[in-house]
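# I would like to see how this sequence folds:
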Amino acid sequence: MRDLKDKVILLIEDNADDEALTLRALEKNNIKNEVVAAHDGAEALDYLFGTGRYAGRDLTIMPQVILLDLKLPKVDGLEVLRRLRANDLTRLLPVVILTSSNEEQDLINGYGLGANSYVRKPVDFGKFIDAVRQLGLYWLILNETAPTTRMG
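Next up is the predicted model:
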């Protein structure tokens with residue numbers, strides 16, 4: 001069994017303040033997992049599929065959970081989710097949409113495309129820290145992940 005700290009979190013977030021807030025909330029909750037940050041949808045897809053600057057990345061190591069913002073440059077969050085679910089390598093990865101969007105259509109589309117969870121970012125820092133703590137407990141400790149699918 002892999003060590004808990006070997007379970008990578010992929011944070012897909014273009015807002016530097018929200019990224020810092022998320023990293024601080026993880027740290028404050030003693031969640032020591034490696035966090036890979038992608039700052040737009042294209043970078044996230046490169047990481048997940050081992051292309052672009054991530055060419056040659058070991059694709060047997062996939063994130064334990066993906067924290068996905070919706071409003072992203074280059075490729076938006078819903079399109080990232082669509083591409084994840086269309087590929088055997090990534091279709092079962094847990095995806096938590098973590099967004100400030102209040103649009104009901106984003107919620108409907110997120111679940112429709114296969115998001116595992118949808119969390120609105122609390123504006124209050126204390127509530128945000130608690131939300132991240134609960135996400136960490138659930139997705140990194142309690143949740144049983146699907147077996148990884150091998151390419152080829």
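# ranges for the strands of this structure?
The residue ranges that make up the strands of the chain, judged by DSSP state E, are 9-12, 35-38, 65-68, 95-99, 117-120.
# Within the sheet, what are the partner strands of the third one, with directions?
So the one you mean is strand 65-68. Partner strands and pairing direction for strand 65-68 (DSSP bridges) are strand 9-12 (parallel), strand 95-99 (parallel).
# Pick out the shakiest of those, pLDDT-wise.
For the strands paired with strand 65-68, the weakest mean pLDDT is recorded on strand 95-99, namely a mean of 91.
# Pull out the C-alpha coordinates of it and format them as PDB.
Below are the C-alpha coordinates for strand 95-99, written out as PDB (Å, rounded to 0.1, in the frame of the first residue of the first chain):
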ATOM      1  CA  VAL A  95     -12.800  15.000  -9.500                       C
ATOM      2  CA  VAL A  96     -14.000  17.600  -7.000                       C
ATOM      3  CA  ILE A  97     -15.100  20.800  -8.600                       C
ATOM      4  CA  LEU A  98     -13.900  23.500  -6.200                       C
ATOM      5  CA  THR A  99     -15.300  26.800  -7.600                       C
END
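# quick one on the thing from earlier: can you tell me which of the strands of the chain is most buried?
Per residue and on average, the most neighbours among the strands of the chain fall to strand 65-68, with a mean of 26 (mean count of other CB atoms under 10 Å). Where you see a C-beta, it was placed from the backbone N, CA and C, and this is true even at glycine.
# contacting residues around it?
The list of residues contacting strand 65-68 from outside it, by CB atoms under 8 Å, 6 or more residues apart in numbering, reads 7, 9-13, 22, 44, 77, 80-81, 84, 93-99, 115, 135, 139-140, 143.
# from the middle of its chain, how far away would the lowest-mean-pLDDT helix or strand in the chain be?
When the helices and strands of the chain are scored by mean pLDDT, DSSP states H and E, helix 125-136 comes last with a mean of 84. When C-alpha coordinates are averaged (CA atoms, centre = their mean, to the nearest Å), helix 125-136 and its chain have centres 15 Å apart.
# Which positions within it qualify as buried?
When neighbours are counted by 16 or more other CB atoms under 10 Å, the buried residues of helix 125-136 are found to be 128-129, 131-133, 135-136.
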